[in-house]
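Engineer: Sequence unavailable; structure follows:
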Ligand code: ASP
């Protein structure tokens with residue numbers, strides 16, 4: 001097997017209708033800073049020779065702690081005015097996976113997904129059960145005020161005023177994610193989200209679903225998606241990228257592009273993904289206006305971008 005000795009890491013802070021005309025320089029810089037902080041958190045692990053799994057968890061935690069993105073602290077409101085968060089993580093070496101859906105009051109849902117991977121016999125835990133497990137594991141909780149922001153609450157009021165729990169196309173998907181290849185050539189992927197503003201009836205999107213929002217396999221790639229979850233669920237997008245590589249012999253770039261620009265577009269799905277393979281390649285395709293993203297290869301300068309460039 002090809003054994004790279006250089007690590008690769010990419011993160012995203014969501015895709016969607018991110019318009020230059022609605023952005024201020026300060027807002028752009030603040031988002032870019034947060035993406036760079038997340039890269040740094042993941043790189044700190046990889047530089048020491050640590051595992052990709054620890055790196056993606058660290059990078060996603062950093063994004064969950066930042067109020068700009070729709071995950072952890074910055075999660076959007078449900079119809080009822082709560083926060084229900086979803087997260088998942090997968091190890092490309094063991095194909096071990098952990099995921100949590102509809103979690104309330106846990107500061108870092110990605111840490112919960114990781115504990116589910118490490119310390120339970122299950123892959124996906126939901127709602128009150130996931131919370132009970134988080135408490136058993138001693139994970140940090142946070143009160144509703146921690147997750148509150150005026151901006152998000154206004155978003156909820158606007159969505160309620162439109163009178164529907166539906167998405168509209170001005171939606172910005174602020175989900176966060178990370179993918180990494182470590183110095184041993186092992187891959188991992190992680191994704192975390194607050195879901196969609198004004199969601200109800202226990203709606204869960206692609207982010208906590210292994211194969212849809214998150215997938216990692218050392219033989220192919222590690223993928224984290226962001227976008228209109230219903231379409232990413234139906235397209236089984238993260239696993240699709242892996243399958244296109246495994247069964248059709250596509251490169252990472254070809255497979256990622258095909259999944260987003262052909263299959264998702266054909267389905268009507270709007271969004272993007274980040275992906276790495278074990279050879280140090282990175283792919284960051286999106287079919288929306290923009291996607292908050294940053295990436296780094298060991299020894300090279302990091303890249304940070306928001307729009308199509
Ligand atoms: N995919 C997420 C969901 O549908 C949303 C996002 O990417 O921001 O829950």
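Structural biologist: Structure's in. What do you need? On a predicted model such as this, the values are computed, not experimentally measured, just so you know. Numbering: from 1, shown residues only.
Engineer: Residue 61 versus the residue in the stretch 1-150 of the chain that the ligand sits nearest to, what's the distance?
Structural biologist: Taking C-beta to the nearest ligand atom, the ligand has its nearest neighbour within the stretch 1-150 of the chain at residue 14, 4.7 Å off. Where you see a C-beta, it was placed from the backbone N, CA and C, and this is true even at glycine. Going from residue 14 to residue 61 by C-beta to C-beta, to the nearest Å gives 16 Å.
Engineer: what does this protein put close to the ligand?
Structural biologist: 14, 70, 173-175, 193, 195-196, 205-207, 226-227, 229, 232 (C-beta under 6 Å from any ligand atom).
Engineer: Out of the residues you listed, which end up buried?
Structural biologist: 14, 70, 173-175, 193, 195-196, 205-207, 226-227, 229, 232 (16 or more other C-beta atoms under 10 Å).
Engineer: From those, pick the one nearest residue 51.
Structural biologist: Of all those, residue 207 has the smallest distance to residue 51: 22.0 Å, by C-beta to C-beta.
Engineer: OK, contacts around the nearest residue to residue 245 once chain neighbours are set aside?
Structural biologist: Distances taken as C-beta to C-beta, 6 or more residues apart in numbering put residue 220 closest to residue 245, at 4.3 Å, once the chain neighbours are dropped. Neighbour list for residue 220: 241-242, 245-246, 277 [criterion: C-beta atoms under 8 Å, 6 or more residues apart in numbering].
Engineer: Backbone dihedrals for residue 220, both of them.
Structural biologist: Main-chain torsions, residue 220, degrees, to the nearest 10: phi -130, psi -80.
Engineer: Now do it against residue 274, distance only.
Structural biologist: Following C-beta to C-beta, the distance that separates residue 220 from residue 274 is 15 Å.
Engineer: now residue 214
Structural biologist: From residue 214 to residue 274 the distance is 11 Å (C-beta to C-beta).
Engineer: For the stretch 1-150 of the chain, which segments are assigned as strands?
Structural biologist: For the stretch 1-150 of the chain, the strands defined by DSSP state E, counting those that start in this stretch cover 8-16, 85-91, 97-103, 124-126.
Engineer: show me the contacts for residue 108.
Structural biologist: Per C-beta under 8 Å, 6+ apart, neighbours of residue 108: 61, 64-65, 72, 139-140.
Engineer: top of those by neighbour count?
Structural biologist: residue 72 (30 neighbours; other C-beta atoms under 10 Å).
Engineer: I figured that residue hits residue 105, correct?
Structural biologist: No. Counting by C-beta atoms under 8 Å, residue 72 stays clear of residue 105, with 11.3 Å between them.
Engineer: what's the closest non-adjacent residue to the closest residue to the ligand within the stretch 101-250 of the chain?
Structural biologist: Closest to the ligand within the stretch 101-250 of the chain is residue 229: 2.2 Å, counting by C-beta to the nearest ligand atom. Nearest non-adjacent residue to residue 229, counting by C-beta to C-beta, 6+ apart: residue 205, 2.5 Å away.
Engineer: Please give the three-state secondary structure assignment for that neighbour.
Structural biologist: Under the three-state scheme (DSSP: H, G, I helix; E, B strand; the rest coil), residue 205 adopts coil.
Engineer: Could I get the pLDDT score of it?
Structural biologist: With respect to pLDDT, residue 205 has a value of 96.
Engineer: residues contacting it?
Structural biologist: 86, 193, 195-196, 213, 229-230, 232-233.
Engineer: Residue 95: which of these is nearest?
Structural biologist: Using C-beta to C-beta, those come closest to residue 95 at residue 213, 16.2 Å.
Engineer: Run a quick neighbour tally on the closest one.
Structural biologist: 33.
Engineer: Looks like it contacts residue 225 (just checking).
Structural biologist: Yes. With contact defined as C-beta under 8 Å, residue 213 counts as touching residue 225 (4.8 Å).
Engineer: Flag the shaky bits of the stretch 51-200 of the chain, pLDDT-wise.
Structural biologist: 164-172 (pLDDT under 70).
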